[in-house]
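S.K.: Provided below for reference: sequence and predicted model.
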Amino acid sequence: MSRIGRAPITVPAGVEVKVDGQHVSVKGPKGALEMNVAPTMKVEVEAGVVHVTRPNDEKMNRSLHGLTRSLINNMVVGVSEGFSKTLEVNGVGYRAAKEGKNLVLNVGYSHQVIMPETEDIQIDVPNPNQIIIKGIDKQKVGQFAAEVRGKRPPEPYKGKGIKYDYEVIRRKEGKTGAK
């Protein structure tokens, strides 16, 4: 049995989980999320605990078991606490700013890179070389952070670019010159 799939999801106070057939909706203080689970998975809510079960041990059902439980857990955590990713901007003249609802990046191009904030993503720029992306949907927060990082990924020689705060850039030695 899947170790992740069989673990129960405890629902914190203020969060409401509703299951209608294969449709799961979670409502909490930060917002509401919903999704459709695979037809073979069974989701049950009882006394503030969510259980996900599978009908048999077929390979597809084993795969979906842990996935379904993780997705529902991410929904519960998202509406109660939210998710955030922190990015760092490194490089001479590289900086980020927030103008209205847009993230404006100066990252070595001849133009500014402008990325609009969506309705379910909040962008915070506490200083010119730090970007914080927040939201209730873990997938959307991670995807938006990856798109921002993709505008100028870090390079291995000087470490210039946009990187996650936990990311370690493996540095390379430059040319040694003629011998």
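M.R.: Done, it's in. Worth saying up front: this structure is predicted, and the values here are computed from it rather than measured.
S.K.: what bits of this structure have low per-residue confidence?
M.R.: Along the chain, segments meeting pLDDT under 70 span 1-2, 177-179.
S.K.: now the one residue sitting closest to the centre of it: closest residue in space that isn't a chain neighbour?
M.R.: In the chain, the residue lying closest to the centroid (CA atoms, centre = their mean) is G142, at 3.0 Å. Once flanking residues are discounted, G142 sits nearest to K85: 6.6 Å by CB to CB, 6 or more residues apart in numbering. Placement of C-beta: from N, CA and C, glycine included.
S.K.: sorry, back to before: would you verify that the residue nearest to the centre of the chain is located in a helix?
M.R.: Yes - G142 sits within a helix when classified using DSSP: H, G, I helix; E, B strand; the rest coil.
S.K.: how about the strands in the chain?
M.R.: 9-10, 16-20, 23-28, 31-36, 42-46, 49-53, 83-90, 95-99, 102-106, 113-116, 121-127, 130-135, 161-164 (DSSP state E).
S.K.: how near is the residue nearest to the centre of the chain to V148?
M.R.: To V148, G142 is 11 Å away according to CB to CB, to the nearest Å.
S.K.: return the set of buried residues in the lengthiest helix in the chain.
M.R.: Taking DSSP state H as the criterion, the chain has its longest helix at helix 59-80. Of the residues in helix 59-80, 61, 64-80 count as buried by neighbour count, 16 or more other CB atoms under 10 Å.
S.K.: before we move on, the earlier item: need the strands of the chain in CSV (columns: mean neighbour count and distance to P153).
M.R.: Converted to CSV, the strands of the chain look like this (neighbours: other CB atoms under 10 Å; distance: least, CB to CB, whole Å):
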stretch, mean neighbour count, distance to P153
strand 9-10, 16, 35
strand 16-20, 13, 38
strand 23-28, 19, 34
strand 31-36, 14, 30
strand 42-46, 14, 38
strand 49-53, 18, 36
strand 83-90, 18, 11
strand 95-99, 15, 15
strand 102-106, 18, 13
strand 113-116, 13, 13
strand 121-127, 15, 19
strand 130-135, 20, 14
strand 161-164, 19, 5
